[in-house]
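# Compute the structure for the input listed below.
(chains A, B, C and D, ligands or ions: 6)
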Amino acid sequence: MGSTAATSGAKLETLDRVVIRFAGDSGDGMQLAGTQFTATTALVGNDLATFPDYPAEIRAPAGTLPGVSGFQINFSSEDIFTPGDAPDVLVAMNPAALKVNLRDLKPGATIIANVDGFRENDLAKAGYQTNPLEDGSLAGFQVIPVEMTRLTRTALKETGLPQRTADRCKNFFALGLMYSLYSRPMEPTLRWIEKRFARNPEIARANQLALKAGYAYGEASELFPSHYVVPPARLEPGTYRNISGNSALALGLVAATQKAGGRMVLGAYPITPASDVLHELSQLKNFGVVTFQAEDEIGAIGAALGASFAGSIGVTVTSGPGMALKTEFLNLAVMVELPLVVVDIQRAGPSTGMPTKTEQADLFLALFGRPSDSPCIVLAARSPADCFETAYEAVRLAVRHMTPVVLLSDLSIGAGAEPWRLPRIEDLPDIPVEFRTDPDGFLPYARDPRTLARPWAIPGTPGLEHRVGGLEKSDGAGHVSYDPLNHERMTRLRTEKIARVAEDIPPAEPFGDDDARLLVLGWGGTYGAIAGAVRRARAEGRRVAHVHLRYLSPFPGNLGEILDRFDRVLLPENNLGQLALVVQGRFARPVIPLNKVQGRPFREQEILERILELA
Amino acid sequence: MGSTAATSGAKLETLDRVVIRFAGDSGDGMQLAGTQFTATTALVGNDLATFPDYPAEIRAPAGTLPGVSGFQINFSSEDIFTPGDAPDVLVAMNPAALKVNLRDLKPGATIIANVDGFRENDLAKAGYQTNPLEDGSLAGFQVIPVEMTRLTRTALKETGLPQRTADRCKNFFALGLMYSLYSRPMEPTLRWIEKRFARNPEIARANQLALKAGYAYGEASELFPSHYVVPPARLEPGTYRNISGNSALALGLVAATQKAGGRMVLGAYPITPASDVLHELSQLKNFGVVTFQAEDEIGAIGAALGASFAGSIGVTVTSGPGMALKTEFLNLAVMVELPLVVVDIQRAGPSTGMPTKTEQADLFLALFGRPSDSPCIVLAARSPADCFETAYEAVRLAVRHMTPVVLLSDLSIGAGAEPWRLPRIEDLPDIPVEFRTDPDGFLPYARDPRTLARPWAIPGTPGLEHRVGGLEKSDGAGHVSYDPLNHERMTRLRTEKIARVAEDIPPAEPFGDDDARLLVLGWGGTYGAIAGAVRRARAEGRRVAHVHLRYLSPFPGNLGEILDRFDRVLLPENNLGQLALVVQGRFARPVIPLNKVQGRPFREQEILERILELA
Amino acid sequence: MTTQAALELTRKDFVTDQEVRWCPGCGDYAVLAAVQQVFPELGIPRENFVVVSGIGCSSRFPYYVNTYGFHTIHGRAPAVATGVKLANPELSVWIATGDGDALSIGGNHLIHLMRRNVDVKILLFNNRIYGLTKGQYSPTSELGKKTKSSPYGSVDRPFNPIGLALGAGATFVARTVDVFAPHIKEVLRQAAEHRGTAYVEVLQNCNIYNDGAWEPYREKELRDDNLVLLRNGEPLVFGRERRRGIRLGSPYAPEVVELGEGRSEAGLLVHDEAGPLAYAMTLAEMQGPDLPLPVGVFRKVSEPVFDRDVHGQIAEVTALKGRGDLAKLLYSGDLWEIS
Amino acid sequence: MTTQAALELTRKDFVTDQEVRWCPGCGDYAVLAAVQQVFPELGIPRENFVVVSGIGCSSRFPYYVNTYGFHTIHGRAPAVATGVKLANPELSVWIATGDGDALSIGGNHLIHLMRRNVDVKILLFNNRIYGLTKGQYSPTSELGKKTKSSPYGSVDRPFNPIGLALGAGATFVARTVDVFAPHIKEVLRQAAEHRGTAYVEVLQNCNIYNDGAWEPYREKELRDDNLVLLRNGEPLVFGRERRRGIRLGSPYAPEVVELGEGRSEAGLLVHDEAGPLAYAMTLAEMQGPDLPLPVGVFRKVSEPVFDRDVHGQIAEVTALKGRGDLAKLLYSGDLWEIS
Ligand SMILES: Cc1ncc(C[n+]2csc(CCOP(=O)(O)OP(=O)(O)O)c2C)c(N)n1
Ligand SMILES: Cc1ncc(C[n+]2csc(CCOP(=O)(O)OP(=O)(O)O)c2C)c(N)n1
Ligand code: SF4
Ligand code: SF4
Ligand SMILES: [Mg+2]
Ligand SMILES: [Mg+2]
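Ligands and ions are numbered 1, 2, ... in the order given. A predicted model of the protein is given here:
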């Protein structure tokens, strides 16, 4: 952290990492301010991660606590793994936004408040008796009151816009101010406004004026003695794009479909937070993607499975309550051994739970939530950009091993975003699809000797007419069979087929110290917090290693051996210990669970503290 | 085993245990012969266990392999735990019955065949090229050919009945023959026939004649040099009744409802092998039982839960595929904390699987098959008669702990039967039900300090109007809450509530040798085979103990401590190791799984062999 | 069931302390207000009401009505409501549901509820959109509708919600409009009185994701010309000055005729709530631009009521066999003694 | 799609090597025979047929037809069939289902399939009982029916399966009888030709658990007096000597009139497959003892076909935007380079 003079005359300090949260009423345009700040920050070359925090209600009454909408960005000159533990800076457009977010702030954090939003009735709506900006209750923070509404109106006077319209521009004022404080250029946003509001040049101009006014205010005002610089990060060379997990997941599915040379049929029923994937794919009709909004989640997976039977890549996407409904069809998919990708964007449960909050507690359901012995592949994505690769891998494995694959993502990585280094199309792994065409010696349940996969023989192929179904099938011929020994053989074959997938996936690779005695084991969306915590612990001289599992069924072949190398295994999860039970069950050795079930991800700090106790 | 002269002049041998299987075409009346033999055997004072083996098809073509229907009875002067490993005697009415059952027989077993059923086209239908009774292929067995059809016709000549009608009586001929061979009285069956065919005295008489003819043939024919006696067993004093698991389960539910002084609402959708419970309860309308045949399994559990909300004991009963559909509602039941009993009569899966075959592979589903952390009580019945107690206990725990309870039974114990020592009504445990009525200080999610159960406050009670639902609720008040710490608190409370049930259930009690180093751990329908095997191993001088779990969630509080006492834990299951994974996961110690997935229960022998290897 | 306490209830007794969380301007508010006004008039004690819902904006309803309430899971309210009635047929059970909740995921339970004629009242908030999940098309959305999940226009033919109910054998079928306060209250009252399932489709505006979907029927100036009010025993007359009527041109072909100036109402279709199903279907098929949209009670017929008959049968069997004796039940069949 | 190979198909080509496992005398045999006779006549290559079913005796159907087949799970055949059509609209997709499978657990998928008008043909084997589970009442069983699960008589009002389909907006609705071979074949042919969902209710006898349920319509001697054959464009005439007709007494009230001896067929209802929905509902409501039961095609109308439109839209969008370029898709939005 260095410091020099800014152009504005203010002190210019260099920081290596900053967490900012924009917060206001749903109507205040905070998501927009946040995404613009993100885009510009990416162009400046920082590593970053973001997370939007929408209200649970569609349109809660303006100014109330449930109506608060937030957007957090963590940006840095170093590697970044999460949207950040606790904000350094809160931009609060009204008292409700202050109240909701206050407890998350870092001690001593800066609060930039739009004082014009703190009128008496605003305070009342948020349940404040007195004005927190004035009553001394924020003593532990650095409060900077800014008359954003008034200043925006002044700046926009010349436009002659009605006041209500002008007031809507104040998010750009706030954005401009932050650009100034963190030394970011305005140009990308000015250009974006122009394009976005091309059909409405008046509004475009007003937003640009507000942005510039905010920036100018930041430069000129004595309220900001320090300005900051966060230098570019050393990211791997390549072309980057900022992406949310749900978008990355959709693109991963499309990329795999294209590589497989086929058609994807997505059966889906809207549900928060998975609907975005449906929306995204519905746009891509010219990419061999058929989207089907079914009458319910059962119809959705049924159609996906029917499509797989007919030779498409069947996909369905949902979240907890919808996943619950897919149980019976997933069980059928295991029996008929067809490729199928079932995506579960996990949210806080059980039952309806907290639909707009995150959790990673559907692991049990994915692994065990079917009648009888019913094995399938289970994968989990670890970060927004990783959703691309994991989705791609899900399709590859489903097709190669003729099996349903459950892909677990979660709300935090699905809605969160980070820079994604774009792969080169030609570097994507091949996904060879071979439909059986030769009637000679065709048996629907004959198996590939290596993978144990059965042939994919699709309707329309002469001579391969055959029947599949949920009744037990005779090995090879696939006729209905009640033979006791056949049932045992088939049950074991289904299990062995999934076990053998371990030969087709990379071994687990611990990151960190070879001689560590503590391993932190994780899966899914805890990746960022664990990776960050492990780096910080090592920076503090602790010896610790990290394994993060993408493959949960089957586990990587070397997992047992890796576990054996460590005295202690710490297993942080956003549930009450689901992987912990499975690892103990599988390897009959104890692990140390660390659980958080609050509808939000771990903070690095929470994991770090436990590591420091154990390593 | 002693031997003396029978009245018939034949040698009279004393046996301590015999397994007989009656087998014929579905139309041959084998179930009837079997149940009559059972009833008489019970009256004679043997311990016994039975199992019917129906064909999968409703009415497969007569004489074909899929059309074979069987009934097995194991009876003894000692304690009996299972319907028996391998039959000592097979009564085969046709070639298909012989073919299907042959491989199950004990080496050297007796085959009593109705030669009249072995005509050329009968053989063809069963796929025999030559007559097995004559071609020497049965050399390893003792084959006794009897012209049952002809002898029956002769005996019935005087009745003047048409031949087809007369032929239908040949099952009674076979039964009479077996009564003679095993020294059982004909009177109970003669009386039963009279009652059963009261409206059709001609048929009654014909059946009685056939029975007597079979008996006489057994006494007179030189074909049977030996007759047998199986002396009465030393059973606990009391009143006994032979009962199937599904009937016992229905009665257990009714008894608990009556004891609780309430109404039961059963929501069910027919499914093999659970429909019997629905049928049974549908008869009992004068016992406070409402049965509702819903449109599907989701509607069934939904209605049961609605009934629980309104103050009834909500029950639903199903099997694998139906259980899969109840996932989402069960998750809601966990959230709203209402009493609910969900019965799963397990059958072979996955998917439609083998609906008429047994398995115990829905344990994962019961324990883990719901989104998020979603704990509930899981119980398993161990034998036909135990279904009564376990069902009773399910209701008691559901009501006391305000939670859904999953009760696992399976096809083998549901359809199997054994003598049941009837409880005295006054000995049944109390099931106190206290509906909240006092509005003072009422909070829907306030908790009993001991059990953590919330109050049961039912519609119709003035002043307690409140709303429940699937969204996360604030501790105490039960308002919708997105508060992070509240969610963690509630998640842990739900878990703790179930954990505390351990204080309300008996500790696990090992049977067998105190100083054993091998423990056989089991659950559910493997009880009979394990108990038998353990007794046999001990009889052979091995030191071994047995714990059989009724409580699978939570485990009995002392289970960990018990496991610690043994070097080795053998865990036989009719699945690929589900409880094994859970025990390892819970106690982080290895167990030795023994798995059989053939749609039929273990034989004692299979478990015994493994015990002998390990103890 | 009418007690003194019940008769003294007022609107306020049915208001909860929970803040109502619908978007400002949402049509759901008006329906809530109507329900809170009608419930106290029904002579039913407050504690005997149960409001059951699924999931959706409209399914938040129970939280705002100070009775017993159960916010269940998506589409399953009819199942839970049936269970409530089976447990206690004395309760007055109401379902609040949306076009997605009832007609998409919940379609099966809905048609079976109506088939059985369980004594439950259904308020179906039809806004032709999935509100809570932020705007996807629903089974009542029109062909070609562009939504988040149909960016190029929906190719899903919609249901006719009235037609579906009629096909399923519903015994009480009605339609009303969120903002048409006197009408909605009148329909609710009739639904409450009906013995059996009462199905009430409410045309509801979602001003966020599907604003204006029902404009011709909601706007005061347009309404009279676009709606025909069904009144039992009265001819089908509509229009601002009630100058237009509906008659059958040929069998099954309703058409508009101008009235007044000598042309009487003779020959017009006269509404019969208990008429043949096919007649109700003619009404269900009526819609713009050529015909006005009917609102009111399409059909109201008396049929066996499921929950009543279930309990009736129990009473009968009990009368016949006597109240079940547990000891006798257990100690039945072939018994034997071991001593 | 008509190829030489397709034209040379015979009944035998559609017979599998699996032993048929229905009870001797079951009505399903006749339907199977009819299908095996009609399929080869349709000019569709054998490999392009897919038979999808749920669970039940009738749902065993696919195992006996030598085409592609999928014996899915209880009630869900419509979902799977929709997926098959979305993956490959060239296939001829048929559903075999029972009254329990289609109308009880599968009701929702069924009505949505018909609403969307997916190009799938449905054979609904209505035996008014759950066969495979050994005899419980179904949603088409009559009130009062005694079965294993209703020992004191069912109190569940049944569906009218034709009415339900009409209410759901089905575009092709027909009824036929298992043993009425020429009729069933004729109906199957028409179903095959229809573009969109074709719904065919087959009155089927379960001689084990519900023998005689359709006796008046199956027995040769009774049939003619109890059934009226619907023929498009022809008046509704029936009876052994075709001496009875149906006319509307008053609107919506069909009645029987005696013909012959001077009384002509004028004034009788003339069947119109494409008539108003309400007319079809009148037919759906017709039943004994006063009226004959209609068999044949109740309704056949041309409406948008879902799978065709889904793929049509894809083609349109592709024509407009060009075939998707994966690289362009990934490399879009705000990009930046790190070097
Ligand atoms: C099983 C399940 N699937 C999906 C969802 C997501 N979901 C919640 S409400 C809803 C649709 C709401 O539409 P509608 O019933 O019309 O109610 P509205 O919000 O329009 O009032 C959906 C799809 C869910 N909660 N549960
Ligand atoms: C999810 C599920 N629930 C229940 C069953 C049991 N089951 C199988 S077939 C059937 C009903 C069959 O009736 P129907 O569809 O009328 O066919 P039928 O046997 O009469 O031809 C039922 C309830 C099942 N297989 N799966
Ligand atoms: S989204 Fe629409 S339906 Fe939902 S509360 Fe808002 S306005 Fe009402
Ligand atoms: S039970 Fe009935 S429907 Fe099933 S095969 Fe037998 S006769 Fe046919
Ligand atoms: Mg809606
Ligand atoms: Mg049927």
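# mind showing which ranges of chain C have poor pLDDT?
C:1-7, C:262 (pLDDT under 70).
# after whichever strand or helix holds residue A:586, next one along is what?
Assigned by DSSP states H and E, residue A:586 belongs to helix A:578-587. Using DSSP H and E, the next helix or strand after helix A:578-587 towards the C-terminus is strand A:592-595.
# before we move on, could you check phi and psi at the residue of the stretch 151-300 of chain A found nearest chain D?
At 3.4 Å from chain D, residue A:287 is the closest residue in the stretch 151-300 of chain A, using Cβ to the nearest Cβ. All C-beta atoms are positioned from the backbone trio N, CA, C, and that covers glycine. Per-residue torsions, residue A:287: phi -110, psi 30 (degrees, to the nearest 10).
# ok, it - how many residues close by?
24 (other Cβ atoms under 10 Å in any protein chain shown).
# OK, contacts around it?
When contacts are counted by Cβ atoms under 8 Å, 6 or more residues apart in numbering or on different chains, residue A:287 touches A:254, A:257, A:258, D:324, D:326, D:329.
# Please apply the same query to residue A:173.
Neighbouring residues of residue A:173 by Cβ under 8 Å, 6+ apart: A:148, A:151, A:152, A:155, A:210, A:211, A:213, A:214, A:217.
# Look at residue A:177 and tell me its secondary structure.
Here residue A:177 is recorded as helix under DSSP: H, G, I helix; E, B strand; the rest coil.
# Quickly note the distance from it to chain C.
Per Cβ to the nearest Cβ, to the nearest Å, residue A:177 is found 30 Å from chain C.
# Could you find the closest non-adjacent residue to that residue?
residue A:214 (4.0 Å; Cβ to Cβ, 6 or more residues apart in numbering or on different chains).
# Can you pull up the most central residue in the chain?
If you meant another chain, say so; for now it's chain A. Chain A has residue A:413 as the residue nearest its centroid, 1.4 Å off, counting by Cα atoms, centre = their mean.
# Let me rephrase: I mean chain C.
Centroid-nearest residue in chain C, with Cα atoms, centre = their mean: residue C:200, separated by 2.2 Å.
# which residues make contact with the helix or strand containing it from outside it?
Per DSSP H and E: residue C:200 is located in strand C:198-203. With Cβ under 8 Å, 6+ apart as the contact definition, strand C:198-203 has outside contacts at C:27, C:31, C:114, C:120-126, C:161-162, C:165, C:170-178, C:184, C:187-188, C:190-192, C:214, C:217-218.
# and residue C:124, how many residues sit next to it?
Neighbours of residue C:124 (other Cβ under 10 Å): 25.
# Does ligand 3 have contacts with the helix or strand hosting it?
For residue C:124, the element it lies in under DSSP H and E is strand C:120-126. No. Counting by Cβ under 6 Å from any ligand atom, ligand 3 has no neighbours in strand C:120-126; the shortest distance is 7.6 Å.
# Show me the strands in chain C, by range?
Here chain C has its strands, by DSSP state E, at C:49-53, C:68-71, C:92-98, C:120-126, C:172-177, C:198-203, C:227-230, C:237-238, C:244-250, C:253-258, C:293-300, C:335-338.
# still on that earlier bit, so which residues make contact with the helix holding residue A:586?
Residues outside helix A:578-587 that contact it (Cβ under 8 Å, 6+ apart) are A:361, A:363-364, A:367, A:521, A:523, A:549, A:552, A:555, A:559-560, A:563, A:569, A:571, A:573, A:589-591, A:593, B:373, B:581-586, B:588.
# Got a PyMOL select line for the buried ones in those?
Listed next is the PyMOL selection for buried residues among the contacts of helix A:578-587, using 16 or more other Cβ atoms under 10 Å in any protein chain shown:
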select buried, (chain A and resi 361+363+364+367+521+523+549+552+555+559+563+569+571+573+589+591+593) or (chain B and resi 373+581+582+583+584+585+586+588)
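# and the stretch 151-300 of chain C, which residues reach ligand 2?
So the stretch 151-300 of chain C never meets ligand 2 (Cβ under 6 Å from any ligand atom).
# Residue A:293 versus the residue in the stretch 151-300 of chain C positioned nearest to chain A, what's the distance?
Using Cβ to the nearest Cβ, residue C:151 is the residue of the stretch 151-300 of chain C that sits closest to chain A, at 5.4 Å. According to Cβ to Cβ, to the nearest Å, residue C:151 and residue A:293 sit 12 Å apart.
# quick one: which of those two has more around it?
Neighbours were counted for residue C:151 and for residue A:293 using other Cβ under 10 Å; residue A:293 has more, 25 against 16.
# For the residue of the stretch 151-300 of chain C found nearest chain B, list the residues it contacts.
Closest residue of the stretch 151-300 of chain C to chain B, Cβ to the nearest Cβ: residue C:168 (11.5 Å). Residue C:168 sits next to C:110, C:111, C:112, C:114, C:115, D:159, D:163, D:164, D:167 when contact means Cβ under 8 Å, 6+ apart.
# out of those residues, which one sits closest to ligand 2?
Of all these, ligand 2 sits closest to residue D:159, with 12.3 Å by Cβ to the nearest ligand atom.
# Any idea how many residues pack against the nearest residue to that closest one once chain neighbours are set aside?
Nearest residue to residue D:159 in three dimensions, chain neighbours excluded: residue D:139, at 5.0 Å (Cβ to Cβ, 6+ apart). Counted with other Cβ under 10 Å, the neighbours of residue D:139 add up to 25.
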